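Colleague: just to be clear, the model below is a prediction. Sequence and coordinates:
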Amino acid sequence: MKQIILTATLATLVGASPLALSAEKDCLLEGTVQRSGSGAEQSTMVKIHSVKKYDDSSRCRVRRDQKMEFKLPRDVRLDSAPSGSEVKYRYRSDSDGASTELLSVDA
């Protein structure tokens, strides 16, 4: 009887292994471009107003009071976007670190 239970447990773990290997967080971030300053000293920030799962199989658990801070990758689309443009990012974090990818800019 112990062998059957052990086999069933191993089969469950092996069947779940793709989930174990997936990202700890895989989120879709939606925000608004905000610019301050002028000329060479102009800075660009994105104010995030929505965080949700990237897709149905993703995990994205973020508390309202949790701070997520990361440096946005350089992208020409963001550099040329006017203040107030809506942007979408994919944020992934796993045991190897985190990555952020600009998906779209709606001017």
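Modeller: Received, thanks. Numbering: from 1, shown residues only.
Colleague: so who does the residue most central in space within the chain touch?
Modeller: Centrality entry for the chain: nearest residue to the mean C-alpha point is Tyr91, 1.6 Å, by Cα atoms, centre = their mean. Contact partners of Tyr91, counting by Cβ atoms under 8 Å, 6 or more residues apart in numbering, are 25-29, 68, 70, 98-100. To be clear about C-beta, it is placed using only N, CA and C from the backbone, and glycine gets the same treatment.
Colleague: against Glu41, how distant is it?
Modeller: Using Cβ to Cβ, to the nearest Å, Tyr91 is found at 28 Å from Glu41.
Colleague: chain neighbours aside, what residue packs nearest to Leu29?
Modeller: Tyr89 (4.3 Å; Cβ to Cβ, 6 or more residues apart in numbering).
Colleague: over to Tyr91?
Modeller: Cys27 (4.6 Å).
Colleague: so what strands line up beside whichever strand or helix holds that neighbour?
Modeller: Following DSSP states H and E, one finds Cys27 within strand 25-36. Partner strands for strand 25-36, per DSSP bridges, with pairing direction: strand 43-53 (antiparallel), strand 86-94 (antiparallel).
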